[in-house]
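Visitor: I'd like to go over a predicted model; first the sequence, then the structure.
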Amino acid sequence: MLDRVALVPCLGLLVAACAAPMSTSTDAAPPRSSGTGGSTVVDATPESVTMPPEPPATEDAAAPTAEAAAPPEVAADVVADRPASTGSDGPASTSKDFTCSWILGITTTGEWYRAGFERVVEDARWQVTPIEVGHLEKWADPQNGIWQSGIQSPCAMNSKTPDRIVFMAVKYEWTTVAQFLPEYVAVINNIKTKYPSVKRVDLATYARGPGNKECVGANRSNDSYIKAVQDEAAAMIPAMFPGFVFIAPKWEVKSCGDFGLCPHISGAANATLAKTIGDYYLVN
């Protein structure tokens with residue numbers, strides 16, 4: 001009887017031992033720290049249990065948005081020298097694509113225009129406004145009366161709403177790109193505002209001496225060539241107005257003897273120049 005009583009506590013101990021949870025393996029993975037900012041996430045999952053692979057780590061920076069990936073706007077100091085026959089948006093338009101091309105310039109512009117240019121091109125599609133001392137800074141001023149100047153030999157159609165402008169820029173005294181560049185930009189913006197019908201602008205100059213060298217000994221020889229800084233400034237404009245602004249060829253006289261009072265040239269030289277420019281605009 002005593003033996004049975006003694007066995008009862010022992011059986012109780014065995015039952016308790018069997019009911020106790022089994023200890024985990026001593027090889028269980030240690031806690032793993034994850035996250036940012038010092039926070040910790042504890043993962044006590046035993047290594048004996050197969051877990052799905054963790055996704056690959058991602059960069060902290062999100063993928064660039066369309067806005068961020070877009071190229072920046074062209075700054076004013078970007079240099080681009082494009083021929084008049086090409087543009088960034090595909091082939092440039094040709095003479096047949098324009099109903100009215102308007103040439104703006106100084107007095108010399110009208111001299112070669114009347115010396116035979118109209119007989120080379122399709123006259124009904126061309127007109128000219130030559131202005132005495134019609135210098136660059138005047139065209140750059142949207143309020144200047146130069147914009148109300150009369151038109152000579154007007155186009156047969158759309159004379160008041162031209163679709164192309166050839167701008168002959170002149171400024172003898174300036175010596176830096178910084179002087180020319182903002183005035184060129186202002187002229188283009190004035191054209192876009194005043195004549196929204198315009199699809200193309202060609203930037204040109206008056207005829208320069210051979211090799212663009214000063215014709216020393218000529219009357220007012222400082223006006224016998226175009227300063228390199230003007231050409232440089234003009235070359236920047238097409239990049240600012242891609243597909244809209246183009247650089248015309250740099251036309252030259254045959255010899256320094258063609259000049260009278262520079263930049264005016266002789267009648268024969270004007271006839272030759274008219275033919276040269278006319279031939280260009282037959283196909284451009």
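Guide: Ah, there it is.
Visitor: Please make it C-alpha for all contacts and neighbour counts, starting now.
Guide: Noted.
Visitor: which residue ranges form the helices in the stretch 101-250 of the chain?
Guide: 107-112, 118-120, 136-140, 177-194, 228-240 (DSSP state H, counting those that start in this stretch).
Visitor: List the buried residues of the fourth one.
Guide: What that stands for is helix 177-194. 177, 179-188, 190-192 (16 or more other C-alpha atoms under 10 Å).
Visitor: May I see the buried residues of stretch 223-243?
Guide: Neighbour counts over stretch 223-243 (16+ other C-alpha under 10 Å) mark 223-227, 229-241, 243 as buried.
Visitor: hmm, back to that, mean pLDDT and distance to residue 275 added to the helices of the stretch 101-250 of the chain, as a markdown table?
Guide: Putting the helices of the stretch 101-250 of the chain into a markdown table (pLDDT from 0 to 100; distance: least, C-alpha to C-alpha, whole Å) gives the following:
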| stretch | mean pLDDT | distance to residue 275 |
| --- | --- | --- |
| helix 107-112 | 97 | 9 |
| helix 118-120 | 96 | 7 |
| helix 136-140 | 98 | 26 |
| helix 177-194 | 98 | 27 |
| helix 228-240 | 98 | 23 |
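Visitor: Same list (those) but as a markdown table, adding distance to residue 127.
Guide: Shown next, in a markdown table, are those (distance: least, C-alpha to C-alpha, whole Å):
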| stretch | distance to residue 127 |
| --- | --- |
| helix 107-112 | 10 |
| helix 118-120 | 9 |
| helix 136-140 | 18 |
| helix 177-194 | 16 |
| helix 228-240 | 23 |
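Visitor: mind checking which of these is nearest residue 260?
Guide: helix 107-112 (11.5 Å; C-alpha to C-alpha).
Visitor: List every C-alpha atom in that closest one, with coordinates, as PDB.
Guide: Output of helix 107-112 as PDB, limited to C-alpha atoms (Å, rounded to 0.1, in the frame of the first residue of the first chain):
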ATOM      1  CA  THR A 107      20.000  99.800 -97.300                       C
ATOM      2  CA  THR A 108      22.500  97.500 -99.000                       C
ATOM      3  CA  THR A 109      19.900  94.700 -98.800                       C
ATOM      4  CA  GLY A 110      17.600  96.600-101.100                       C
ATOM      5  CA  GLU A 111      20.500  97.300-103.500                       C
ATOM      6  CA  TRP A 112      21.200  93.700-104.400                       C
END
